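Participant: Give me a 3D structure for the following:
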Amino acid sequence: MSDRILGAVCVIVGAGMAWAAHGYAAPISYEPVGPRAFPLLMAGLMAGAGAWLVVRPGPHGFGLARNHLKPISFAVVAVFVYAALYEWLGFTLATTVMALPVGMAFGGSWKQSLAAGAGLGLVLFLLFDKLLDVVLPTGLLSFILGGR
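Facilitator: Just a heads-up that it's a prediction; the model follows:
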């Protein structure tokens, strides 16, 4: 049940992100895919993954386990902290910080979650910033990632 709660929260947050990003438009096109591509892609991925968590069959039925509430709560809070720290920390670090409690909520160790978050943040940054020319904030790592 706790993964279904997280899934429902992800669907709601993803829908809100998509609604907020739908109107993004730049007066001058400086990126090939425009400013709304990244937030809409992330919103779609978040909502899709959340929907999968809601409808997938679970091994324990729909029972709510108390020991799952704490990690799921941390994961939900991490999504909101991610949004708050995104500009200041930059995409790569904010993604790493968010992946730690989310990964642990899904059973990963803190080392695995941290490594996966760092890898995900760096690979997605390189994909969007270098390959697709979508400008992402570099934040505290601007001296390494070529700050903008």
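
Participant: how about stretch 86-96: buried residues?
Facilitator: Residues of stretch 86-96 classed as buried: Tyr86, Leu89, Gly90, Phe91, Thr92, Leu93, Ala94, Thr95, Thr96 (neighbour count, 16 or more other C-beta atoms under 10 Å). The C-beta positions use only the backbone N, C-alpha and C, and glycine is treated the same way.

Participant: Closest one of those to Val134?
Facilitator: Top of the list for closeness to Val134, among the buried residues of stretch 86-96 and by C-beta to C-beta, is Phe91 at 10.0 Å.

Participant: got the contact list for the closest residue to the closest one other than its chain neighbours?
Facilitator: Distances taken as C-beta to C-beta, 6 or more residues apart in numbering put Leu136 closest to Phe91, at 4.2 Å, once the chain neighbours are dropped. Neighbouring residues of Leu136 by C-beta atoms under 8 Å, 6 or more residues apart in numbering: Phe38, Gly90, Phe91, Phe125, Phe128, Asp129.

Participant: Next one: Leu136 relative to Pro39, how far apart?
Facilitator: In this view, Leu136 and Pro39 are 11 Å apart by C-beta to C-beta, to the nearest Å.

Participant: With Gly16 instead?
Facilitator: To Pro39, Gly16 is 11 Å away according to C-beta to C-beta.

Participant: Looking at the two, which one has more neighbours?
Facilitator: Using other C-beta atoms under 10 Å, the more surrounded residue of Gly16 and Pro39 is Pro39, with 16 against 13.

Participant: What pLDDT is listed against that one?
Facilitator: Listed pLDDT for Pro39 reads 81.

Participant: and it, what does it touch?
Facilitator: Pro39 makes contact with Met17, Ala18, Ala20, Ala21, Tyr24, according to C-beta under 8 Å, 6+ apart.

Participant: If we use 6 Å, what do you get?
Facilitator: Shown in contact with Pro39 (C-beta atoms under 6 Å, 6 or more residues apart in numbering): Met17, Ala21.
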